[in-house]
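>>> Predicted model and sequence below, questions to follow.
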Amino acid sequence: MNKATSSSHQYFLKWVLVASFSLAILFAIFLAPSAGAKKLPAFQAKEAYVMDAKTGQVLYQKNADTKRPIASLSKLMTLYLTKKAIDHHKIKWNQKVPVDDELIKMSKDPTLGGFKIKRSGEFTVRQLYQAALIASSNSAAIALGKLVGGGNNTQFINMMNRQAEKWGIEATFVSSSGLDNTDLSKYHYQVPHTTSKAQNMVSASAISKVAAKVLGIFPTITQWSNQSTMKVGKQWLVNSNNLLKNKVYYRKSNHVDGLKTGYTINAGLCLTVTFWHNGRHLIATIIDSDSVFTSMDRLIQQIDKNYNKVNVSLNTHRFRLDDQSVTATPEEPKTAIWRQNSAQKPQAVKYVLTKKATPVTKGQPIGYAEIKLTNSRGMAKVPMLATKDVGAKQQSKQKKSPQHKSLLASIGSVLLGFFDGIYHLMVNFAKFMAR
């Protein structure tokens, strides 16, 4: 071997060694975990809640009644009130929605929108509903709320809060979209008398119950919320729920069919999903998680693994209300309660009256059927609905009766006084004549 060949060979060996050492360092830096790194747990969330969509039975909860920022999960209340307005014929699905210049400007901000609006009246209620639900469009949600509120954003926020109070849930709203006042104020949508940093504060249990109300009033909403993408006009709506089909965290066995994602810096990653287990619709919410889709996937799997349903049949029931018999039928005659082991057995059904007085209208909830398990705090409730109108006519008659008696008494008193006066007059006249 000559010197040139030897030198070349040594250079090649040195290059291989240096390259190998460099690769080893790179692997150590990028692949090996650092000393300060923390592996995220399989389930991680500040708040979590799982419930049966029909009966409200709670299957899991973690800090679920603490009010926190929930970002775009707030849109579920906006979507509920919009559908309610449609059902009451106040607005229509095909109605064109007016949109002001500030909302048009907001829709073009890439940090606040994902659905661009070019002009007022460009889109219908249906299209903006889909944009708010699927693409989480803030301008679409605010425009819908303003329409439902009679053209007044503040009025609609008041409607949101009154609805939450009526349901008895832990929620305070300042926004129909989930944006906080630091963003809303830029577009003149800060509600008067709220602070510069005010934001919606809602618990995981509360927003899950709102989701149940949405499903109740609009069961087919999942035909939209389960779409990974949808075309509206010339735009494509992209769903950020990564648990859906064709998404990164999709798992067929989870049977997820919606419902809403959310994120702000203050709220963190938030997610409310609807999914099926043993033929029943369940709702799960996670608020403020660093691994929201992984955590939700784990949570659903644990529910599937640990809970089985027990079918329960309910009957019509007669309640006594204002000394009258009021018949009610269960909203779900064949229902179910969830249990974790076979030792937990359904107890006798208890029928509870919640209506305080007549009148009662047909189909109105007047109470509920309560189902409990032995050796468990689990409880399911099914609304009991009146089978017919009761009380309105009877009550009106009862109101008239005392007035009628009072009138007769007054007439009798007048007549008695009249004749008494005549009697005394005649007596005095007879005395005068006898003198």
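That came through fine. Numbers count the residues shown, from 1 in each chain.

>>> For the rest of this, base every contact and every neighbour count on C-alpha atoms.
Noted.

>>> just the helices in the stretch 101-250 of the chain please.
101-107, 125-134, 138-148, 153-167, 181-184, 204-217, 222-225 (DSSP state H, counting those that start in this stretch).

>>> Out of these, flag the one nearest residue 385.
Judged by C-alpha to C-alpha, the one of the helices of the stretch 101-250 of the chain that comes nearest to residue 385 is helix 204-217, at 14.6 Å.

>>> Need the CA coordinates for the closest one. CSV is fine.
The C-alpha coordinates for helix 204-217 follow below in CSV (Å, rounded to 0.1, in the frame of the first residue of the first chain):
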residue,chain,number,x,y,z
ALA,A,204,-67.9,21.2,32.4
SER,A,205,-71.1,19.9,33.8
ALA,A,206,-73.0,23.0,32.6
ILE,A,207,-71.8,23.0,29.0
SER,A,208,-72.4,19.2,28.8
LYS,A,209,-76.0,19.8,29.9
VAL,A,210,-76.3,22.5,27.2
ALA,A,211,-75.1,20.0,24.7
ALA,A,212,-77.8,17.6,25.9
LYS,A,213,-80.4,20.3,25.3
VAL,A,214,-79.0,20.9,21.8
LEU,A,215,-79.4,17.2,21.1
GLY,A,216,-82.9,17.2,22.5
ILE,A,217,-84.1,20.1,20.4
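
>>> For the chain, give me the ranges with low pLDDT.
For the chain, applying pLDDT under 70 flags the ranges 1-41, 392-435.

>>> residues in contact with the residue most central in space within it?
Nearest to the mean C-alpha position of the chain, counting by C-alpha atoms, centre = their mean, stands residue 210 at 1.5 Å. Each residue near residue 210 by C-alpha atoms under 8 Å, 6 or more residues apart in numbering is listed here: 76, 77, 80.

>>> possible to save those as JSON lines with secondary structure, distance to residue 165 and neighbour count?
Below are the contacts of residue 210 laid out as JSON lines (DSSP: H, G, I helix; E, B strand; the rest coil; distance: C-alpha to C-alpha, whole Å; neighbours: other C-alpha atoms under 10 Å):
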{"residue": "76", "secondary structure": "helix", "distance to residue 165": "16", "neighbour count": "26"}
{"residue": "77", "secondary structure": "helix", "distance to residue 165": "12", "neighbour count": "24"}
{"residue": "80", "secondary structure": "helix", "distance to residue 165": "15", "neighbour count": "21"}
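
>>> any idea which of those is closest to residue 157?
Residue 157 lies nearest to residue 77 out of the contacts of residue 210, by C-alpha to C-alpha, at 10.1 Å.

>>> That closest one and residue 160 touch, don't they?
Yes - counting by C-alpha atoms under 8 Å, residue 77 touches residue 160, with 6.8 Å between them.

>>> Mutual contacts of these two, please.
Contact criterion C-alpha under 8 Å, 6+ apart; residues shared by residue 77 and residue 160: residue 176.

>>> hmm, back to that, name the nearest of the contacts of residue 210 relative to residue 390.
For those, the nearest to residue 390 is residue 80 (29.2 Å; C-alpha to C-alpha).

>>> count of neighbours near the spatially closest residue to that closest one that is not a sequence neighbour?
With C-alpha to C-alpha, 6 or more residues apart in numbering as the criterion, residue 80 has its nearest non-adjacent residue at 5.2 Å, and that residue is residue 214. A count of neighbours around residue 214, defined by other C-alpha atoms under 10 Å, yields 22.
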